[in-house]
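Chemist: pasting the sequence and the predicted coordinates here, then a few questions.
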Amino acid sequence: MHPDDPSDQKLTDARPTTPSDDAASTERTIGRHRAPEPPRRALLGSTPVRVALATGVTCCLSLVAVATARGNDDAARTVEPLAEAVADRAAIADERASRSLDRDAAPARILPSPTAKPTPTPTAVRKAPKKPVKPRRPRPVAGLDQAQMDNAKIIVDVGLEMKMPRRALVVALATAMQESNLYNLASDVLPESAEYPNQGSGSDHDSVGLFQQRPSSGWGTVAQLMRPSYAARAFYTALNEIPGWQDMSVTAAAQAVQISAYPDAYAQHEDRATTVAAALTA
């Protein structure tokens, strides 16, 4: 038989036209060439069943969709913070991780310094003005009282200011011891002299002050000579005008300045004058 022959022709030629009850017919029924059974009507072929089935399927699909949507929503809510946490940990891990073994040291992080709080300004405390400190008074030596010692200090201080040598200090002290006993004296002849600070008075013409210098002889005014510092400066100035006074005795040097009627009287005060000068220049 040709391959192009229709299958109906093959089946027609193989089947007998009249059914048989022999063994061959039985073999055909149970063999590979048994005759097909008559078609049965399917249960789903009914229209009401199909509608019910479609409705049930639709309801099931809707429930599944709603459940899936809710599940997805809950899952999304759960996954979102988890994803953020994972991303943060990944960022930290990436920051800590090194790209190579020979990398440079990571730069130190500079933390912002806390804002410094302004230091409260302490309230200014008014201090009482300090009282002027009085100069320390020298301790008296060589039998002098405090007033005499104070006047001796003025004579020595002026001599040191004028760069006078120690011998000049001794000459000046010995002269003042002889002339006024180291007191600043006014004069009974000059009533004006009593208007200035003084420690007593004398009556030797118009002589005033520690060195009994006379205004009429050109030593200065009464007001000037009554100031111990001025009187001492006038004495040292006159002493410096005496040629070679450094080589003279204390008495001779004092007499060259004072021109006293008792030229030898100054010698008796040399030892005390030396002691006082040493005490005030120590």
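Modeler: Good, I have the coordinates. None of these values were measured; they are calculated from a predicted model.
Chemist: from Gln255, how far out is the closest residue to Ser249 other than its chain neighbours?
Modeler: Of all residues not flanking Ser249 in the chain, Ala267 sits nearest, at 7.2 Å (CB to CB, 6 or more residues apart in numbering). Quick note: C-beta positions are derived from backbone N, CA and C, even for glycine. From Ala267 across to Gln255, the span is 10 Å (CB to CB, to the nearest Å).
Chemist: neighbour count for these two, which is higher?
Modeler: Gln255 (20 against 16; other CB atoms under 10 Å).
Chemist: that one contacts Ala261, correct?
Modeler: No: the pair Gln255 and Ala261 fails to qualify as a contact (CB atoms under 8 Å) at a distance of 10.1 Å.
Chemist: okay, Tyr262: pLDDT?
Modeler: Tyr262 is assigned 86 on the pLDDT scale.
Chemist: contacts only, for the residue nearest to Ser249.
Modeler: 174, 249-251 (CB atoms under 8 Å, 6 or more residues apart in numbering).
Chemist: same question for Asp247.
Modeler: Contacts for Asp247 were tallied using CB under 8 Å, 6+ apart; there are none.
Chemist: pLDDT at it, what is it?
Modeler: Reported pLDDT for Asp247: 96.
Chemist: returning to that earlier point: of the contacts of Ala267, select the buried ones using a PyMOL command.
Modeler: Buried residues within these, by 16 or more other CB atoms under 10 Å, are selected in PyMOL with:
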select buried, resi 174+250+251
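Chemist: for the residue nearest to Ser249, give its distance to Val250.
Modeler: For Ala267, the distance to Val250 - CB to CB - is 6 Å.
Chemist: anything in contact with each of these two?
Modeler: Ala174.
Chemist: report the two of the contacts of Ala267 separated the most.
Modeler: Spatial extent of the contacts of Ala267 (CB to CB) is set by the pair Ala174 and Ser249 at 10.4 Å.
Chemist: which residues of the chain score low on pLDDT?
Modeler: For the chain, the stretches flagged by pLDDT under 70 are 1-125.
Chemist: mind doing that once more with 50?
Modeler: For the chain, the stretches with pLDDT under 50 are 1-35, 42-44, 49, 64, 66, 75-76, 79, 93, 97-106.
Chemist: ranges for the strands of it?
Modeler: Taking DSSP state E to define them, one finds strands in the chain at 186-187, 201-202.
Chemist: and of those strands, who's closest to Gly143?
Modeler: It is, among the strands of the chain and with distance given as CB to CB, strand 201-202, at 21.1 Å.
Chemist: adjacent strands (with direction) for the closest one?
Modeler: Sheet pairing of strand 201-202 (DSSP bridges) gives strand 186-187 (parallel).
Chemist: residues making contact with the strand it pairs with?
Modeler: Contacts for strand 186-187 (CB under 8 Å, 6+ apart): 193-194, 196, 198, 200-208, 226.
Chemist: of the residues you listed, buried ones?
Modeler: Among those, the ones that count as buried by 16+ other CB under 10 Å are 193, 196, 198, 202, 206-208, 226.
Chemist: mind listing what Trp245 touches?
Modeler: 168, 171, 239, 253, 256.
Chemist: farthest pair within these?
Modeler: It's Ala168 and Ala256 that sit farthest apart of those, by CB to CB, at 12.5 Å.
Chemist: which one of these two is surrounded by more residues?
Modeler: Ala168 (21 against 18).
Chemist: thought the more buried one was touching Gly159?
Modeler: Yes: counting by CB under 8 Å, Ala168 sits close enough to Gly159 to count as a contact (5.8 Å).
Chemist: show me where the stretch 51-200 of the chain has its helices.
Modeler: 146-161, 166-180 (DSSP state H, counting those that start in this stretch).
Chemist: for the first one, buried residues please.
Modeler: To tie it back to what came earlier, the one meant is helix 146-161. 148-156, 158-159.
Chemist: so for Gln213, what's the nearest residue that isn't a sequence neighbour?
Modeler: Trp219 (3.8 Å).
Chemist: can you pull the phi/psi pair for that neighbour?
Modeler: Phi and psi for Trp219, reported as degrees, to the nearest 10, are phi -80, psi -20.
Chemist: reformat the contacts of Ala267 as JSON lines; add distance to Pro215.
Modeler: Shown next, in JSON lines, are these (distance: CB to CB, whole Å):
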{"residue": "Ala174", "distance to Pro215": "23"}
{"residue": "Ser249", "distance to Pro215": "29"}
{"residue": "Val250", "distance to Pro215": "26"}
{"residue": "Thr251", "distance to Pro215": "26"}
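Chemist: noted, bye for now.
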